[in-house]
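[1] got a structure for you, letters missing:
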């Protein structure tokens, strides 16, 4: 960690470098060493990548929930949406905003950063209704 820089500032700097525009063709899941906008990326891989930029003592104190909160704040700053509801899974998707996917035969939690403002998604009708969410077969 850079001397005199807080974890929040360190996170902001890390996120500005970690998240990039995806290559063409766009993969379904981003590689562990980079996060792509509008593409799923593994929560644990991104968290470990961020922790690798911290000192050993800070890394051991930084928790997964803090990471998600920081990521959400970073997304709000740029008017991005973390885990848009239409990508979330589970029966209480709207409350938890979690995305669970099978990748390489393993069940992992993923994140998705949409660069389309939420207002535009609502106008386009891309946000599912409560009935549509409850009819999801998983």
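    Structure received. All of these numbers come straight from a predicted model, not from anything done at the bench.
[2] Which secondary structure element of the protein has the lowest mean pLDDT?
    Least confident helix or strand, the chain: helix 130-134 with a mean of 47, by mean pLDDT, DSSP states H and E.
[3] so where do the strands sit in the protein?
    Listed in chain order, the strands of the chain (DSSP state E) span 19-20, 35-36, 40-42, 81-82, 99-103, 106-114.
[4] need the ones you listed in CSV with mean neighbour count, mean pLDDT and distance to residue 92, can you?
    In short, each C-beta sits where N, CA and C put it, glycine included. CSV is the format used below for these (neighbours: other C-beta atoms under 10 Å; pLDDT from 0 to 100; distance: least, C-beta to C-beta, whole Å):
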stretch, mean neighbour count, mean pLDDT, distance to residue 92
strand 19-20, 17, 94, 27
strand 35-36, 22, 95, 25
strand 40-42, 21, 97, 20
strand 81-82, 19, 94, 17
strand 99-103, 14, 94, 12
strand 106-114, 18, 96, 15
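[5] and of these, who's closest to residue 71?
    Smallest distance to residue 71 across the strands of the chain (C-beta to C-beta): 6.0 Å, for strand 81-82.
[6] Provide the strand pairings for the closest one, with the direction of each partner.
    strand 106-114 (antiparallel) (DSSP bridges).
[7] any idea of the angle the longest helix along the chain forms with strand 106-114?
    When the chain is parsed with DSSP state H, its longest helix is helix 64-77. Here helix 64-77 runs at an angle of 20 degrees relative to strand 106-114 (axes from the mean of the first three to the mean of the last three C-alpha atoms, to 10 degrees).
[8] Any buried residues in helix 64-77, and which?
    Neighbour counts over helix 64-77 (16 or more other C-beta atoms under 10 Å) mark 67, 68, 70, 71, 72, 74, 75 as buried.
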